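K.L.:
heads up, no residue letters with this:
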């Protein structure tokens, strides 16, 4: 009876470790993804800011550029939250690029 109890307990511990490992991997992926998206959003926000600065206040494209800028800022806030989630759990983004990691899988 004692041996059976120990086997069940070992299985529970193993299952918990496996879940924890999977959770850590998810956090690392979240952090890596957020980091990559943040890099791209930085370029988009820089370009749209330059576009807006070059458009006259009454220009017909200005309103659309402002919508684009607002959407990119919303995405940046969401990306920041995703990065905080990954980092809060102690995950570190891998040094390889996300594109390379996806291609290697």
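P.N.:
Yep, that arrived. Values in this document were obtained by computation on a predicted structure and should not be read as measured data.

K.L.:
burial measure for the nearest residue to residue 61 once chain neighbours are set aside, as a count.
P.N.:
Counting by Cβ to Cβ, 6 or more residues apart in numbering, residue 55 is the residue found nearest to residue 61 once chain neighbours are left out, at 6.1 Å. All C-beta spots, glycine's among them, are computed from the backbone N, C-alpha and C. By other Cβ atoms under 10 Å, 16 other residues sit near residue 55.

K.L.:
start the count at 3, not 1, going forward
P.N.:
Yes, from this point I'll number from 3; that puts the last item at residue 57.

K.L.:
Just the pLDDT for residue 57.
P.N.:
At residue 57, the model reports a pLDDT of 95.

K.L.:
try residue 87
P.N.:
Reported pLDDT for residue 87: 79.

K.L.:
how far away is the nearest residue to residue 71 once chain neighbours are set aside from residue 37?
P.N.:
Distance criterion Cβ to Cβ, 6+ apart; nearest residue to residue 71, sequence neighbours excluded, is residue 50 at 4.6 Å. Residue 50 is 21 Å from residue 37, where distance means Cβ to Cβ, to the nearest Å.

K.L.:
next one: residue 29
P.N.:
Using Cβ to Cβ, which is the criterion applied here, residue 29 is 13 Å from residue 37.

K.L.:
Could you do residue 75 as well?
P.N.:
For residue 75 relative to residue 37 (Cβ to Cβ), the value is 18 Å.

K.L.:
Could you check which of those two is surrounded by more residues?
P.N.:
When residue 75 and residue 37 are compared for neighbours, residue 37 comes out ahead with 18 against 14, by other Cβ under 10 Å.

K.L.:
How about the contacts made by the residue nearest to residue 71?
P.N.:
Applying Cβ atoms under 8 Å, 6 or more residues apart in numbering, we find residue 50 in contact with 67, 70-71, 74.

K.L.:
which SSE is it in?
P.N.:
If you go by DSSP states H and E, residue 50 is part of helix 4-56.
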